[in-house]
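**Q** need coordinates for the below:
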Amino acid sequence: MISLYTAKEFTNQFISNKTKKQPFADSTLKTVRSIIENVRQNGDTALQEYMEKFDGGAPKNLVVTEEERSAAWEEVPENVVEALQKAAENIRSFHSKQLQQSRMMEVTEEVISGQLFRPIERVGIYVPGGKACYPSSVLMNAIPAVLAGVSHLVMVTPAKAGKIAPILSVAADIAGVQTIYKVGGAQAIAALTYGTESIQPVDKIVGPGNEYVAAAKSLVFGDVGIDMIAGPSEVAILADATSRPEYVAADLIAQAEHDEKARAFLFTTSEQLLNETLIELKKQCASLPRREIAETSFKNEGGAILVGSIDEAFNLVNQLAPEHLEIQIENALSYLGKVKNAGSVFIGNHTPESVGDYFAGPNHVLPTSGTARFSSGLSVDDFIKKTTYVYYSEQALQNAAPYIERIAEKEELAGHGRAVAIRMNNISE
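**A** Sure, this is the predicted structure:
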């Protein structure tokens, strides 16, 4: 069910193979470019055309009305609403601690410098509506934006028969989304970027989507900000002889059921644990509603690796730089310092990735495909602009002038030096 690798085989297959794959097929990029240009030129007419084609019909009004948003609350069970509200509290509490204030770095009589922290004004959140429905994505993307002070926060999501999933509407209300549009796909990304008669353009787009949505985000980047180009979701689990095979198998399945390209890896020092986990995988997959997806993921993208030591396991994991890392080994918390590259870490036998996906508070929008080597998960900072400022008095400029002019001369940028020299001439006069 899941491929078995030695450490060397795993390294060769998933780490050493640096051949850069084109992230999107040429056919996908061609289709997406056409969609973007059509929306850019024809606005709402193009959106209506694509909704008829892909969503089974185009609603007369792209905006989810207040009446529709209110009615959605009646369609979501109270216990589910309670769960979303509690999760939102945890997410809000965690991210509120990321807030920073504008500050002065240096203050003297002659020099003042510092940073201004200002929220991005307009943000659009993309929420999928294809194979599954993810209210947790609404909470994770919207709450940090609201805390950052984004003044205009909108959401786009596909509609079926003119209606979006009620639970997404409820989650948007809980999170603080102001406007919801019934549009998805690459056309929604184009609309958020360039605007249409109904949708005002935004400054940044965040949120996950399928291949076409991701391709659209990559093509409009520069005209608008984006969070990241997310690849398939992934998890790496570190386990030893003290781990519970049923827990390990359940957590591997929780990752693999996302989609056929999801990647789930097990690194263990225990051959017995490995064999028992393989048995559990077959047992638990047998009753899984998304069994075919998970089994395809395991077969084509997953792997189980028997290692000689915990140190070897961490070495492989840090090279892999997984989106999610679970440490299910004895005294797990004491190993946190060995983590160098991972999007988010889940420590101990009682902390499955699901805790972070839905409830704990840290964000579940995380770097994938090894990008945790140089990037981080979504946070309040993603909705903040940091502007530096500086003030020099006349005396301060006099003191600095010789140094500035020397550097400008070496860089052969005479105008830079003259901008200082002309002021020095006026001061001496």
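**Q** kindly report the domain assignment for this structure.
**A** Domain segmentation of the chain under automatic domain parsing yields 4-21+231-361, 26-98+119-226, 393-428.
**Q** can you say which of those is nearest to residue 106?
**A** Closest to residue 106 of the domains of the chain, according to C-beta to C-beta: domain 393-428, at 10.7 Å. For every residue, glycine as well, the C-beta is placed using N, CA and C.
**Q** mean pLDDT, distance to residue 384 and mean neighbour count for the domains of the chain - can I get that in a markdown table?
**A** Rendered in a markdown table, the data for the domains of the chain read as follows (pLDDT from 0 to 100; distance: least, C-beta to C-beta, whole Å; neighbours: other C-beta atoms under 10 Å):
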| stretch | mean pLDDT | distance to residue 384 | mean neighbour count |
| --- | --- | --- | --- |
| domain 4-21+231-361 | 93 | 19 | 18 |
| domain 26-98+119-226 | 95 | 5 | 19 |
| domain 393-428 | 94 | 29 | 13 |
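**Q** pull the distance from stretch 276-293 to the chain's centre.
**A** Chain-centre distance of stretch 276-293: 28 Å, with C-alpha atoms, centre = their mean, to the nearest Å.
**Q** what about that stretch, start to end distance?
**A** End-to-end distance for stretch 276-293, by C-alpha to C-alpha, to the nearest Å: 22 Å.
**Q** what does that stretch contact?
**A** Residues outside stretch 276-293 that contact it (C-beta atoms under 8 Å, 6 or more residues apart in numbering) are 1-2, 239, 245-246, 248-250, 252-253, 256-260, 266, 268, 294-295, 298, 304.
**Q** that older thread, got the domains of the chain as JSON lines, with distance to residue 367 columns?
**A** Formatted as JSON lines, the domains of the chain follow (distance: least, C-beta to C-beta, whole Å):
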{"stretch": "domain 4-21+231-361", "distance to residue 367": "5"}
{"stretch": "domain 26-98+119-226", "distance to residue 367": "12"}
{"stretch": "domain 393-428", "distance to residue 367": "36"}
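**Q** of all those domains, which lies closest to residue 386?
**A** When the domains of the chain are compared by C-beta to C-beta, domain 26-98+119-226 sits nearest residue 386, at 11.1 Å.
**Q** so how far is the closest one from its chain's centroid?
**A** Here the centre of domain 26-98+119-226 is set off from its chain's centre by 14 Å, with C-alpha atoms, centre = their mean.
**Q** any idea how far apart the tips of it sit?
**A** Using C-alpha to C-alpha, the end-to-end distance of domain 26-98+119-226 comes to 21 Å.
**Q** name the next helix or strand downstream of the helix or strand where residue 283 lies, please.
**A** In the assignment (DSSP states H and E), residue 283 maps to helix 271-285. Downstream of helix 271-285, the first helix or strand assigned by DSSP H and E is helix 291-301.
**Q** what sits up against whichever helix or strand comes after that next one?
**A** Counting by DSSP H and E, the element after helix 291-301 in chain order, helix or strand, is strand 303-306. Strand 303-306 is contacted by residues 2-7, 10, 13-14, 265-269, 271, 274, 277-278, 313, 316 when judged by C-beta under 8 Å, 6+ apart.
**Q** tell me how far the residue most central in space within the chain lies from residue 14.
**A** Centroid check for the chain by C-alpha atoms, centre = their mean gives residue 365 as the closest residue, at 3.3 Å. From residue 365 across to residue 14, the span is 23 Å (C-beta to C-beta, to the nearest Å).
**Q** which ones are touching residue 80?
**A** Residues in contact with residue 80 (C-beta under 8 Å, 6+ apart) are residue 167.
**Q** ignoring the adjacent residues along the chain, who's closest to residue 146?
**A** Nearest non-adjacent residue to residue 146, counting by C-beta to C-beta, 6 or more residues apart in numbering: residue 176, 4.1 Å away.
**Q** actually, residue 175.
**A** Among residues not flanking residue 175 along the chain, residue 142 sits closest, at 3.6 Å (C-beta to C-beta, 6+ apart).
**Q** so after the helix or strand encompassing that neighbour, what's the next helix or strand?
**A** Here residue 142 is covered by helix 135-148, with elements defined by DSSP H and E. Using DSSP H and E, the next helix or strand after helix 135-148 towards the C-terminus is strand 152-156.
**Q** packing partners for that following strand?
**A** With contacts taken as 3 or more C-beta pairs under 8 Å, 6 or more residues apart in numbering; DSSP states H and E, strand 152-156 sits against strand 122-126, helix 135-148, strand 179-181, helix 185-194.
**Q** which residues are in contact with the shortest one?
**A** The set of residues that contact strand 179-181 without belonging to it, under C-beta under 8 Å, 6+ apart, is 62-64, 69, 153-157, 164, 168-169, 172, 188, 191, 198-199.
**Q** okay, strands next: where are they in this protein?
**A** Here the chain has its strands, by DSSP state E, at 4-5, 103-107, 111-119, 122-126, 152-156, 179-181, 204-206, 225-226, 234-239, 263-268, 303-306, 324-328, 344-347, 384-392.
**Q** in TSV: the ones you listed, plus distance to residue 416.
**A** Shown next, in TSV, are the strands of the chain (distance: least, C-beta to C-beta, whole Å):
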stretch	distance to residue 416
strand 4-5	56
strand 103-107	22
strand 111-119	19
strand 122-126	35
strand 152-156	39
strand 179-181	46
strand 204-206	33
strand 225-226	30
strand 234-239	47
strand 263-268	50
strand 303-306	55
strand 324-328	47
strand 344-347	44
strand 384-392	15
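**Q** out of those strands, the one nearest residue 405 is which?
**A** Closest approach to residue 405 among the strands of the chain is made by strand 384-392 (14.6 Å; C-beta to C-beta).
**Q** give me the phi and psi for the residue lying closest to residue 380 once chain neighbours are set aside.
**A** With sequence-adjacent residues excluded and distances taken as C-beta to C-beta, 6+ apart, residue 380 is closest to residue 98, at 4.1 Å. With angles defined as degrees, to the nearest 10, residue 98 sits at phi -90, psi -10.
**Q** begin at 19 from here
**A** I'll keep to 19 as the first residue from here, and by that count the last item is residue 116.
**Q** quick one: residues contacting residue 116.
**A** By C-beta under 8 Å, 6+ apart, the contact list for residue 116 reads 162, 165, 397, 398, 399.
**Q** so the residue nearest to residue 259 when sequence neighbours are not counted versus residue 220, what's the distance?
**A** Leaving aside its chain neighbours, residue 259 sits nearest to residue 288 (4.1 Å; criterion: C-beta to C-beta, 6+ apart). For residue 288, the distance to residue 220 equals 50 Å [C-beta to C-beta].
**Q** what does residue 182 give?
**A** Distance of residue 182 to residue 220, given as C-beta to C-beta: 19 Å.
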